[in-house]
Structures are given as structure tokens and as C-alpha cells.
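1. next comes the sequence, and after it the predicted model I'd like to discuss.
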Amino acid sequence: METINITEVKSRFSEFLSRAASGERFVIMRRSRPLAAIISAGELERLDRATEVTRRLAQ
């Protein structure tokens, strides 16, 4: 997982989206703190499914 700052994201957004679609993950930093992440849509779906399974098991 690569960390990137907001300035990098603004200037190279399309590149980061393409790389995320290929499976790379990025954490966007603001003032040396994690702010958000860029992941592929497929990875987001897997995380959502895993969260739902965990939620059901906890009930």
C-alpha cells in the first residue's frame, strides 16, 4: 500500500485510478495523517461482503 499526498492525487488522479483498478492500493495523506484510500471497485465489493458476513456472525 503506497501513501500519497493530496497534491500528488490532484496532479495524477487518472494515473492513480488506473493503478487502483489494476489492484494497487493507496492511502491519501493530509498533514502526515491518513485521510482516505483509493482501492479498486472489486476490492470495495469484497470488503463490503466481508463486513456483512462479520455483521451477521456477530448477531
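-> Right, received. Where do you want to start?
2. going by C-alpha atoms from here, please, whenever you check contacts or count neighbours.
-> Fine.
3. now the helix or strand that contains Ala50: buried residues?
-> Applying DSSP states H and E as the criterion places Ala50 in helix 41-58. For helix 41-58, burial by neighbour count (16 or more other Cα atoms under 10 Å) applies to Glu43.
4. what's the answer for stretch 19-32, then?
-> For stretch 19-32, using 16+ other Cα under 10 Å, the buried residues are 19-21, 24-29.
5. and for the helix holding Ala50, what's in contact with it?
-> 21, 23 (Cα atoms under 8 Å, 6 or more residues apart in numbering).
6. remind me which helix or strand Ser11 belongs to.
-> Going by DSSP H and E, Ser11 is part of helix 6-21.
7. beta partners of Ala37?
-> Counting by DSSP bridges, Ala37 is bridged to Val27.
8. wait, doesn't it sit right on Arg30?
-> No. With contact defined as Cα atoms under 8 Å, Ala37 does not count as touching Arg30 (11.7 Å).
9. if I pick Val27, what's in contact with it?
-> Per Cα under 8 Å, 6+ apart, neighbours of Val27: 1-4, 34-38.
10. farthest-apart pair in these, please.
-> Met1 and Leu35 (14.1 Å; Cα to Cα).
11. count of neighbours near Ile39?
-> Neighbour count of Ile39, defined by other Cα atoms under 10 Å: 20.
12. also Glu15?
-> 11.
13. switch the buried residues of stretch 19-32 over to TSV; also include pLDDT and distance to Val9.
-> As requested, the buried residues of stretch 19-32 are exported to TSV (pLDDT from 0 to 100; distance: Cα to Cα, whole Å):
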residue	pLDDT	distance to Val9
Arg19	98	12
Ala20	98	12
Ala21	98	15
Glu24	98	14
Arg25	98	13
Phe26	98	10
Val27	99	10
Ile28	98	8
Met29	98	10
